[in-house]
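Student: Starting from these lines, generate the structure:
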Amino acid sequence: MSNLFSASAASTEALLTPVNTQAFNAWVGDMQLRIEQVLDQHMPSADIVPQRLHAAMRYATLGGGKRVRALLAYATGLFCQADITKTDCAAVAVELIHAFSLVHDDLPCMDNDDLRRGKPSTHKQYDDATALLVGDALQSLAFQLIAKDTHLQEAQKINMLHLLAVATGSRGMAGGQAIDLENTGLSVSQAELEVMHLHKTGALIHAATLMGAYSSDQEQLEKRRAADHFSKAIGLAFQVIDDILDSEADTATLGKTAGKDAQAKKSTYVTLLGLNKAKALAYELHANALTALAPFGQEADPLRHLAHFITQRRF
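Tutor: Below is the predicted model of the structure:
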């Protein structure tokens, strides 16, 4: 594991003890409802031409998922004292990009999965060509919404557009997926696996977090640096937990096909390290993410709770 993610030997037990869980759960519910409403508001109606494409876009995006990336944007916006109406744009954009990535990942030419969020994948509900166009349209819509947002300053838009473009392209998700496909059936080292997932999974989590920070009108450089470190650690932890759940949970619980990576002979943290060491790595990354927030007070609590939400999830 790289030095960036080496956990401090100092006691992390206090950091790993959540506080005010009830308030956090209420906040999560409020933000999940908010992002669903804002997404619905900004998605084209299924009554608008081309109706089938717009219906498929809504099918792929609305009514599913835990909205972790939007929650990270909202939590970091709160951490940096942003107006929530400005953070809405960041949250919507990252959710649209995430939805696009899932639609394309599920296609037969990629990961070939028939189930997503407990319902048929977009290409199964519609068809392969429609799913391809859905992904394309969702991606362009994300950038369109940032560019035309009336709440953000021009500098904020530029920063968000840059973050999202990098996270989506060959230095982000697309690059990570390419590395994943190239390495299918091959043995890779832990360092190589880390590079792949920092691109494939971590890049959008990193972008979501920093876009939340950039939705603030204040510079907040120390908080932005802390959010940067937090997001890189928790982004990798997210993938480690995904690999653990893929090996332990069933399809009904996951909402997608369980054991898919193992069947495809893909390297995962579980196949590389074993289940116990993978869990230890997730714990270490979790602790490292929280250490980045240690200098800050209650304003960082939503991010701290999200670290628990991500690394202790069982669904």
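Student: Skipping its backbone neighbours, what lies nearest Ala178 in space?
Tutor: The shortest distance from Ala178 to any residue other than its chain neighbours is 7.4 Å, reached at Ser170 (Cβ to Cβ, 6 or more residues apart in numbering). For the C-beta atoms, the positions are set from N, CA and C on the backbone; glycine is no exception.
Student: now swap in Met57 and tell me
Tutor: Closest residue to Met57 apart from its sequence neighbours, by Cβ to Cβ, 6+ apart: Val134 at 5.3 Å.
Student: Same check on Leu204?
Tutor: Spatial nearest neighbour of Leu204, excluding adjacent residues (Cβ to Cβ, 6+ apart): Ala167 at 4.9 Å.
Student: Does that neighbour touch His206 like I think?
Tutor: Yes. In terms of Cβ atoms under 8 Å, Ala167 counts as a neighbour of His206; the distance is 6.7 Å.
Student: which residues sit in contact with the residue nearest to Leu204?
Tutor: By Cβ atoms under 8 Å, 6 or more residues apart in numbering, the contact list for Ala167 reads 97, 173, 203-204, 206-207.
Student: same thing with Thr209?
Tutor: Each residue near Thr209 by Cβ under 8 Å, 6+ apart is listed here: 72-73, 76, 227-228, 230-231.
Student: Let's see which of these end up in helices.
Tutor: Residues of the contacts of Thr209 located in helices (DSSP state H): 72-73, 76, 227-228, 230-231.
Student: Including pLDDT, neighbour count and distance to His42, could these go into CSV?
Tutor: Putting the ones in helices among the contacts of Thr209 into CSV (pLDDT from 0 to 100; neighbours: other Cβ atoms under 10 Å; distance: Cβ to Cβ, whole Å) gives the following:
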residue, pLDDT, neighbour count, distance to His42
Leu72, 98, 33, 19
Ala73, 98, 33, 15
Thr76, 98, 32, 20
Ala227, 98, 26, 25
Asp228, 97, 14, 27
Phe230, 98, 28, 27
Ser231, 97, 26, 24
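Student: Identify the farthest-apart pair in those.
Tutor: Longest distance between any two of those is 14.0 Å, between Ala73 and Asp228; criterion Cβ to Cβ.
Student: re the thing from before, ok, of the ones in helices among the contacts of Thr209, which one's closest to Met211?
Tutor: Distance to Met211 across the ones in helices among the contacts of Thr209 (Cβ to Cβ) is lowest for Ala73, with 5.6 Å.
Student: in the stretch 101-250 of the chain, which spans are strands?
Tutor: Here the stretch 101-250 of the chain has its strands, by DSSP state E, counting those that start in this stretch, at 115-116, 119-120.
Student: Please identify the deepest-packed of those.
Tutor: Most buried of those by mean neighbour count (mean count of other Cβ atoms under 10 Å) is strand 115-116; its value is a mean of 20.
Student: Report the secondary structure state of Ile48.
Tutor: Using DSSP: H, G, I helix; E, B strand; the rest coil, the secondary structure recorded for Ile48 is coil.
Student: wait, doesn't it sit right on His54?
Tutor: Yes. The pair Ile48 / His54 is scored as a contact, 5.6 Å apart, by Cβ under 8 Å.
Student: Look at the two and report which has more neighbours.
Tutor: Taking other Cβ atoms under 10 Å, Ile48 and His54 do not tie; His54 has more neighbours (18 against 10).
Student: Name the residues of the helix or strand harbouring that one that are buried.
Tutor: For His54, the host element (DSSP states H and E) is helix 51-61. Residues of helix 51-61 classed as buried: 53-61 (neighbour count, 16 or more other Cβ atoms under 10 Å).
Student: ok, the residue nearest to Met57 - how many residues close by?
Tutor: Neighbours of Val134 under the rule other Cβ under 10 Å: 27.
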